[in-house]
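A.B. asks: prediction below, plus the sequence it came from.
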2 protein chains.
Amino acid sequence: MRIIVDAFGGDNAPLEILRGCEMAVDQLGIDILLTGDEEKIRACAEENGISLSRCEIVSADSVVEMTDHAEAVIKAKKNSSLAEAMRQLAAGNGDAVVSAGNTGAVLMGGTFIVKRIRGIKRAALATLLPTNDGGRVMLLDSGANADCRPEILAQFAMMGNEYMRGFFGIDRPRIGLLNVGTEDTKGGVLQKETFALLKEMDINFIGNVEARDVLVGVCDVLVTDGFCGNVLLKGIEGTVGTVMDNLKEIMYASLKTKLAALVLKPGLRRFKHKLDYTEVGGAPLIGVSAPVIKAHGNSKAKAFKNAIKQAVEFANSGAVEAIAAAAKSGKDTDNADA
Amino acid sequence: MRIIVDAFGGDNAPLEILRGCEMAVDQLGIDILLTGDEEKIRACAEENGISLSRCEIVSADSVVEMTDHAEAVIKAKKNSSLAEAMRQLAAGNGDAVVSAGNTGAVLMGGTFIVKRIRGIKRAALATLLPTNDGGRVMLLDSGANADCRPEILAQFAMMGNEYMRGFFGIDRPRIGLLNVGTEDTKGGVLQKETFALLKEMDINFIGNVEARDVLVGVCDVLVTDGFCGNVLLKGIEGTVGTVMDNLKEIMYASLKTKLAALVLKPGLRRFKHKLDYTEVGGAPLIGVSAPVIKAHGNSKAKAFKNAIKQAVEFANSGAVEAIAAAAKSGKDTDNADA
């Protein structure tokens, strides 16, 4: 197994990326193909005592910055570490790509360099949210596609179904549709038409799911357009942040509360860890013809190593092949999309 | 001031509704016009020792149930307590309506019996969310209109602006557009076109607002279609619920943690109170020609009394008149909507 790593993606590149790669080589026994300025990579590794054993480097001159437009990866910054990583994957020189870089550019590179699976209309960014019961729910799409037609959402359902089967070994993943009520007739035009399509598909469609039940763990895949998916994701993130800030304030109010907080700290830490979706590693890009993982932009070494681990498992899961087979056999409702 | 109250709306009707009315009469010095089965109202009041002083009753035979279709209020259940309340308001026999009943039916009754303000295309349900800085943000629309065009959202912005000016006395309310990023070009077609309209309006438009910043208190009005608004609202609600459930578990884990929790309890209670949007009272229906407040379906007496208080303030705010004037003068972009 060889994982291709964009050495210059994210806020902490290349140092934390290289540290993460070293950990991955040690712990997972894999090979790494690094893309990016070779001189800088070697200098950074040497300076910080990072071993590059089992790491090959393919040099690339430029870097897609967080502030760059997504298109840069296929236009002005074709020679970037991200574009090179995608080209190496497309050429079969590795099993998966991991990048902590510009999300839009990762999506764009995945779609136009690695390319979509035949028959797939839109690649989607999946976020795996930890649920309160210790499980996971895949939010699909969580931000790549703001405007979606019902046929697109039906494909997301198919892709999520295959991913959860392959990656987590769930036989019949529970597929839910994000909606404003649980009744069959809820929502706007998009939700009503999508509901009708999902009902006809050979999936375990459990119906509409309200945003308030998502963290409870009522489904394995939550189908949504990328706009609402992103609003929900950031709404959850912001709420957890606000609650935690308040908790801190309450606990630091006085010496008495500080002592009380000490007693609760282990439990609180476990809980914070449980709901922290950045612990999972990264967001898989679903629908492209080889595994791509978007690691969090602020990933440190350990988080990046987790993203590499996730890429290894993605490659081993057979999810890409399963999605390709399902798209080919028309298991989704792609044909309905004139 | 006379507030019209649907005595049979909500899960705890009529008992908690009547108790709430009694409190409102005592504390606010207002008159109440109750709609609903007079015999049942009198029996319930007598049985529970509730005074009906300053309460007039207009009898109505049926009740719009939570499970009824919204249209029931203008069709099969025209003779319901809710429909009667709306008719009394339309006839000018009171200053505002408060109902804890079926949300869709309240919206339908407001739109078709009380009727929209001239020039207003859609009535919207506004939810006032408490923010972390002790302020409030109005989520508009929070669930009434799933599918919206840019012109509709621009009207929501105008209405939210006038409401916040009238109700809270904010001179130039900060109006934000719910989006997936803060940059001007973010979002789907709806958001991009709405952004262009809001920029041209004579309001304090602060640009796009991400869901993660809503509770921080970055704007006074958050403009959104009802689908995303409802997803965000329920996402926040569900997240707070999940976090609180976990906190309880952590605090009840052992005798030691229980003792520690006792110390933190006052702070936690204040915090829970601070973020509990049901404390505000209810959701104003904006865009209809007289004030309507939708109280929470599970309102107990105190919450219902708060909803009545909110209705009094809504009626006193002049917001309906201000919205009517703004709609007439074309302050919104209604004219752009061919």
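C.D. replies: In hand now; what should we look at?

A.B. asks: contacting residues for A:T185?
C.D. replies: A:T185 makes contact with A:K192, according to CB atoms under 8 Å, 6 or more residues apart in numbering or on different chains. Placement of C-beta: from N, CA and C, glycine included.

A.B. asks: A:E84 too?
C.D. replies: Going by CB under 8 Å, 6+ apart, the list of residues near A:E84 reads A:T35, A:G36, A:V58, A:A60.

A.B. asks: now the helix-or-strand element of chain A with minimal mean pLDDT and helix B:255-275, what's the angle there?
C.D. replies: Lowest on mean pLDDT, DSSP states H and E among the helices and strands of chain A sits helix A:255-275, with a mean of 90. Here the directions of helix A:255-275 and helix B:255-275 differ by 80 degrees (axes from the mean of the first three to the mean of the last three CA atoms, to 10 degrees).

A.B. asks: which other helices and strands does helix A:255-275 contact?
C.D. replies: helix A:226-251, helix B:226-251, helix B:255-275 (3 or more CB pairs under 8 Å, 6 or more residues apart in numbering or on different chains; DSSP states H and E).

A.B. asks: contacts for it, please.
C.D. replies: Contacts for helix A:255-275 (CB under 8 Å, 6+ apart): A:130, A:132, A:134, A:215, A:240, A:244, A:247, A:250-252, A:279, B:242-243, B:246-247, B:249-251, B:253, B:256-257, B:259-264, B:267.

A.B. asks: drop anything exposed from the residues you listed.
C.D. replies: A:130, A:132, A:215, A:240, A:247, A:250-251, B:242-243, B:246-247, B:250-251, B:253, B:257, B:260-261, B:263-264, B:267 (16 or more other CB atoms under 10 Å in any protein chain shown).

A.B. asks: from the contacts of A:E84, which land in strands?
C.D. replies: A:T35, A:V58 (DSSP state E).

A.B. asks: save the contacts of A:E84 as a markdown table, and put in distance to chain B too.
C.D. replies: As requested, the contacts of A:E84 are exported to a markdown table (distance: CB to the nearest CB, whole Å):
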| residue | distance to chain B |
| --- | --- |
| A:T35 | 27 |
| A:G36 | 26 |
| A:V58 | 32 |
| A:A60 | 27 |
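
A.B. asks: B:A144: which of the contacts of A:E84 is nearest?
C.D. replies: Using CB to CB, A:T35 comes nearest to B:A144 of those, at 50.1 Å.

A.B. asks: per-residue pLDDT, the closest one?
C.D. replies: According to the prediction, A:T35 has pLDDT 98.

A.B. asks: doesn't A:N79 make contact with it?
C.D. replies: No. Counting by CB atoms under 8 Å, A:T35 stays clear of A:N79, with 10.4 Å between them.

A.B. asks: now the common contact residues for these two.
C.D. replies: A:A60.

A.B. asks: the more surrounded of these two?
C.D. replies: A:T35 (30 against 12; other CB atoms under 10 Å in any protein chain shown).

A.B. asks: bridge partners for that one, pull those for me.
C.D. replies: Assessed by DSSP bridges, A:T35 has beta-bridge partners A:D6, A:V58.

A.B. asks: over to A:N179?
C.D. replies: Residues in beta-bridge contact with A:N179 (DSSP bridges): A:E210.

A.B. asks: repeat for A:V98
C.D. replies: Here A:V98, judged by DSSP bridges, has bridge partners A:V5, A:I293.

A.B. asks: distance between stretch A:190-200 and the chain's centre?
C.D. replies: 25 Å (CA atoms, centre = their mean, to the nearest Å).

A.B. asks: list the buried residues in that stretch.
C.D. replies: Buried-residue list, stretch A:190-200, by 16+ other CB under 10 Å: A:L190, A:Q191, A:K192, A:E193, A:T194, A:F195, A:L197, A:L198.

A.B. asks: what's the end-to-end length of stretch A:162-181?
C.D. replies: Using CA to CA, to the nearest Å, the end-to-end distance of stretch A:162-181 comes to 26 Å.

A.B. asks: with stretch A:122-140 instead?
C.D. replies: End-to-end for stretch A:122-140, by CA to CA: 12 Å.

A.B. asks: any quick PyMOL command for the buried ones out of the contacts of A:E84?
C.D. replies: A single PyMOL command selects the buried members of the contacts of A:E84 (16+ other CB under 10 Å):
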select buried, chain A and resi 35+36+58+60
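
A.B. asks: which two of the contacts of A:E84 have the greatest separation?
C.D. replies: Pairwise over the contacts of A:E84, using CB to CB, the maximum falls at A:G36 and A:V58, 8.4 Å.

A.B. asks: what about A:A319, neighbour count?
C.D. replies: 23.

A.B. asks: about what we covered before: so the following helix or strand past the least confident helix or strand of chain A versus helix A:226-251, what angle?
C.D. replies: On the C-terminal side of helix A:255-275, the nearest following helix or strand under DSSP states H and E is strand A:282-286. Using the same axes, to 10 degrees, one finds that strand A:282-286 and helix A:226-251 are set 170 degrees apart in direction.

A.B. asks: counting by contacts, list what strand A:282-286 packs against.
C.D. replies: Using 3+ CB pairs under 8 Å, 6+ apart: strand A:282-286 touches strand A:124-125, strand A:127-130, helix A:150-168, strand A:292-295, helix A:301-317.
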